[in-house]
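**Q** okay, sequence plus prediction incoming.
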2 protein chains.
Amino acid sequence: MKSFSIFVDLKNPQRRRMQGANWQKNMKLKEFAEKVGLSPTTVSRALGGYPEVREETRQRVMQAALKYGYLPNANAVRLATGRAGAIGVVMGRSGGGHFFSEFMGGMATRLEREETDILVSVTVDNNLDEELAIFSRLAASGRVDGIIVHSPRPEDERIALLNRLGVPFIVHGRSKTPFEHAWLDIDNHDVTYRPTIHFLERGHRRIALINGPVGRTFVRDREQGFREALATHGITPDPRFMMNEHFSEETAFRFARSLLEQTPRPTAFVAGAMMTAQGVYRAATQMGLTIGKDVSVIAHDDVFPYLTPESMMPPLSTTRSPMRMAGIRVTDLLLQIIGGRPVREVQELWPVELILRESVGPA
Amino acid sequence: MKSFSIFVDLKNPQRRRMQGANWQKNMKLKEFAEKVGLSPTTVSRALGGYPEVREETRQRVMQAALKYGYLPNANAVRLATGRAGAIGVVMGRSGGGHFFSEFMGGMATRLEREETDILVSVTVDNNLDEELAIFSRLAASGRVDGIIVHSPRPEDERIALLNRLGVPFIVHGRSKTPFEHAWLDIDNHDVTYRPTIHFLERGHRRIALINGPVGRTFVRDREQGFREALATHGITPDPRFMMNEHFSEETAFRFARSLLEQTPRPTAFVAGAMMTAQGVYRAATQMGLTIGKDVSVIAHDDVFPYLTPESMMPPLSTTRSPMRMAGIRVTDLLLQIIGGRPVREVQELWPVELILRESVGPA
DNA sequence: TTGAAAGCGTTACCAG
DNA sequence: CTGGTAACGCTTTCAA
């Protein structure tokens, strides 16, 4: 493992002494307890909902807390309990933009009744040292009780680091690191395998793949699924029919158009995301080709509220797996791990459902 | 102001006593100081970068920290200093999905060299009590040093609450609350006014508006800009030509199609977001109408990496204002406010630039 | 320039 | 069931 500075914060050694918050802080427990006429201990227990206080007492305390607007200081609680009351999630600066908010919506849904915050960190892409420093800081400084790692690489140093630090974490996606760890992933192999097989069965032979940036496990898995599907029919994929880029409407459009201009052109596209499917639609339409007839498309859909495959023209066939659901479940599992559940038990592979709509036709 | 429960967390009074983290925690300051052969005091000062320690000593301490992997416990620091080292941002559960990640990317960019975390809270839409409780909890419990409020309403109780609590905050958007507060907003009036004026000058008279959900200030401002622009030509807008929905491709498509089926149909659309412009494009294309000729479109663009107006067919005219920039600046301003800058000085209205591309033609 | 000791605001242990 | 007291791990006077 490479060495790196943990002190991302301390690059600038000369610092002025900062004053604490200058706004009116909350009432303290001691002060509040006096008003209620009980000891801080009892008040703390009453508010904490512990069984050893009389129900009547608890009611009185709760009422008073509401009345005076008392709320325990989170940082004191954290220090005293050793719990951070937060889980960290790390997003890449550029990658994952549009689905990230769906995932986080899921996280929030799961945490709604929990007294746990979401702490978001953003890594600078392609700077491993800094990325590792962020994870270090997050874990070792006690800011979070657990961490969610996105879009892992097959050999992911972040996972090795977290494993070494001993902080509870779960990987959204998969890697091949030898360290035992918790993960949840959709079946990215099937995300391409099943659409490709379907295309093959309908007679397609020239099938293109729009894939994500090289390096991530899910990209590798999807390529492998694609290759394996083609292999069942003795086809070796043409490298020019495979794209590796960040998912965007425009790159997909360019790629699709350049392919559709060729002779012979591909008759089917496996698209990695909704946006890229839109790009293919646009390219085909522009060239006077009809989706579902001249060109077939199946895309993976993370399910967004603002862009639904059913409403596309024609309705887009998809492998569907709501990112929001993943956010809920990943969070749930992480909480279990924090609670002590062995990570070896926490490994979930979610199947994807292939939903056929009108964007697919015979070759 | 309505009353509400601060104790969102305590709905369930009977709770088990939870144990603290069960993973190996970091080395403590005391322990680390012993290894270095200095007092905790000096070590703390050295790591904190304060001027009173000898440079040589500091170097020695820094080296040792790296070597032993020592990192101060964040919660102890927070308690001791009174600073939370985090700023909170609140997103609506459904709203703001796709642009939220851009905004947060901007926040992260600004905070990169700061030792400040981003704490994300998610509110349940249309439940004011719970929403206020979330803000209360965030502010009064000392979890954050400041808060960012999104998509305010003209009379926004959240602002009143934060104002009352005294926590530093900044509003991304505007409201009409009488409380003096910091805000940054784009000129939403111009977001519709300028496109509409442009349409009028090119001879358009039947202009449709795709607007956001009623209740938010930006929606009101945009409607007003639209109305004012039309008024300059003595036009009273047809209510059927105005849509108020969450921005999505599909709703915009439906709306546009239903209007384009009418006689006479609108010749121009002012769209509130990129996604809705796509919906209009699709509707027009489906009906055999040509964008930029039969139907003109100008949309507001928050600037996403995965969907660019230049690459649309034809290139889309936009009012442009990068959400990422807003994220950077809002965060920057909030830090200033936390640092003591008077809020009356912190009020920024950003102009939008109208960028004409080929989606606009004469009526 | 360094160190001892007193907080910071809670919770948790142990008596009563 | 309730209360005193010692942590929790660090920063910050105040002395030296």
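**A** Received, thanks.

**Q** within range of chain B, give me the residues from the stretch 251-363 of chain A.
**A** A:253, A:275, A:278, A:282, A:285-286, A:304-308, A:311-313, A:338, A:340 (CB under 8 Å from any CB of the partner chain). C-beta: built from backbone N, CA, C; applies to glycine.

**Q** list the ones among the residues you listed that fall in helices.
**A** Secondary structure from DSSP state H places A:253, A:275, A:278, A:282, A:285-286, A:338 of these in helices.

**Q** save those as TSV, and put in neighbour count and pLDDT too.
**A** Shown next, in TSV, are those (neighbours: other CB atoms under 10 Å in any protein chain shown; pLDDT from 0 to 100):
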residue	neighbour count	pLDDT
A:F253	23	95
A:M275	24	93
A:Q278	26	94
A:R282	22	90
A:T285	16	90
A:Q286	13	89
A:I338	23	94
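
**Q** tell me which two of the residues you listed sit farthest apart.
**A** Maximum pairwise distance in these, criterion CB to CB, is 51.1 Å, between A:Q286 and A:I338.

**Q** which residues touch the residue nearest to A:A182 when sequence neighbours are not counted?
**A** Excluding the flanking residues, the one nearest A:A182 by CB to CB, 6 or more residues apart in numbering or on different chains is A:V346, at 3.7 Å. With contact taken as CB atoms under 8 Å, 6 or more residues apart in numbering or on different chains, A:V346 is in contact with A:170, A:182-184, A:333, A:336-337.

**Q** tell me how far A:V346 lies from DNA strand D.
**A** Going from A:V346 to DNA strand D by CB to the nearest atom of the strand, to the nearest Å gives 27 Å.

**Q** now do A:E157 against A:N163, distance only.
**A** 10 Å (CB to CB, to the nearest Å).

**Q** ugh, typo on my part, it should be A:L66
**A** 44 Å.

**Q** quick revisit: pull the most distant pair out of the residues of the stretch 251-363 of chain A next to chain B.
**A** Distance extremes for these: the farthest pair is A:Q286 and A:G340 at 56.6 Å, using CB to CB.

**Q** so which strand or helix has A:T319?
**A** Assigned by DSSP states H and E, A:T319 belongs to strand A:317-320.

**Q** typed the wrong thing, it's A:L354
**A** Here A:L354, judged by DSSP H and E, is contained in strand A:353-355.

**Q** report the buried residues of that strand.
**A** A:L354 (16 or more other CB atoms under 10 Å in any protein chain shown).

**Q** repeat for stretch A:237-257
**A** A:237, A:241-257.

**Q** what's in contact with it?
**A** For stretch A:237-257, the external contacting residues (CB under 8 Å, 6+ apart) are A:94-95, A:206-214, A:219, A:223, A:226-227, A:230, A:259, A:266, A:269, A:271-273, A:275-280, A:282-284, A:286-287, B:305-308, B:311.

**Q** can you tell me the strand partners of the strand holding A:T319 and which way each runs?
**A** strand A:296-301 (parallel), strand A:353-355 (antiparallel) (DSSP bridges).

**Q** chain center to it: distance?
**A** Offset of strand A:317-320 from its chain centre (CA atoms, centre = their mean, to the nearest Å): 19 Å.

**Q** how about the spatially closest residue to A:T236 that is not a sequence neighbour, what does it touch?
**A** In space, and not counting its chain neighbours, A:T236 is closest to A:L230: 7.0 Å by CB to CB, 6+ apart. Residues in contact with A:L230, defined by CB under 8 Å, 6+ apart, are A:196, A:200, A:207, A:236-237.

**Q** which of those fall in strands?
**A** A:I207 (DSSP state E).

**Q** which stretches in the stretch 151-300 of chain A count as strands?
**A** Residue ranges of the strands in the stretch 151-300 of chain A, as given by DSSP state E, counting those that start in this stretch, are A:169-172, A:182-186, A:207-211, A:242-244, A:268-271, A:296-301.

**Q** so where's chain A shaky on pLDDT?
**A** Scanning chain A with the threshold set as pLDDT under 70 gives A:1-22, A:93-97, A:126.

**Q** going along the chain, name the helices of it.
**A** Applying DSSP H to chain A gives helices spanning A:29-36, A:40-48, A:55-68, A:74-81, A:97-111, A:128-140, A:157-165, A:188-201, A:217-231, A:249-260, A:274-286, A:323-338.
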